[in-house]
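Visitor: What follows is a predicted protein model with its sequence.
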Amino acid sequence: MTTFLLLLSLILNGAAIFAIILLYLRQNRLVEAEKKQEKIIKEIEEVFSAYLFELKEENDKFLELMTKTRVEKQPGDKDTSASRRQIWSRK
């Protein structure tokens, strides 16, 4: 009877150690996945920030062009085709 209990104890201890090893490996994989995800998030934020910066620069250039066009246009001038041609010719 004691032999049976000893074998049962050894088997259960082996199973417990095996389960602990599996859980440890899964935890390490999860930590690695989180690190990769954080890296990807940082890269996406950098790309998005660069895109927004470029978009802001383009908008500033466009606003500057529009203000120049308004200044060049005469107050009584109703012909907008000339000012449109000036805008398109600058590009």
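Guide: Nice, I can see it.
Visitor: Closest to the centroid, which residue in the chain?
Guide: I44 (2.3 Å; Cα atoms, centre = their mean).
Visitor: Local confidence estimate at the residue of the chain most remote from its centre?
Guide: In terms of distance from the mean C-alpha position of the chain, M1 ranks first, at 63.2 Å (Cα atoms, centre = their mean). If you check M1, the pLDDT there is 92.
Visitor: what comes into contact with stretch 10-18?
Guide: Outside stretch 10-18, no residue is within contact range by Cβ atoms under 8 Å, 6 or more residues apart in numbering. Backbone N, C-alpha and C define where each C-beta goes, glycine included.
Visitor: So for that stretch, mean pLDDT?
Guide: In this model, stretch 10-18 carries a mean pLDDT of 98.
Visitor: related to what we said a few turns ago, please tell me how far the residue farthest from the centre of the chain sits from I20.
Guide: 29 Å (Cβ to Cβ, to the nearest Å).
Visitor: swap in L7?
Guide: Relative to I20, and taking Cβ to Cβ, L7 is found at 20 Å.
Visitor: Tell me where this protein has helices.
Guide: For the chain, helices defined by DSSP state H occupy the ranges 2-72, 81-90.
Visitor: Any regions of this protein where pLDDT drops low?
Guide: Counting by pLDDT under 70, the chain has low-confidence residues at 74-91.
Visitor: can you do 80?
Guide: By pLDDT under 80, the low-scoring segments of the chain are 71-91.
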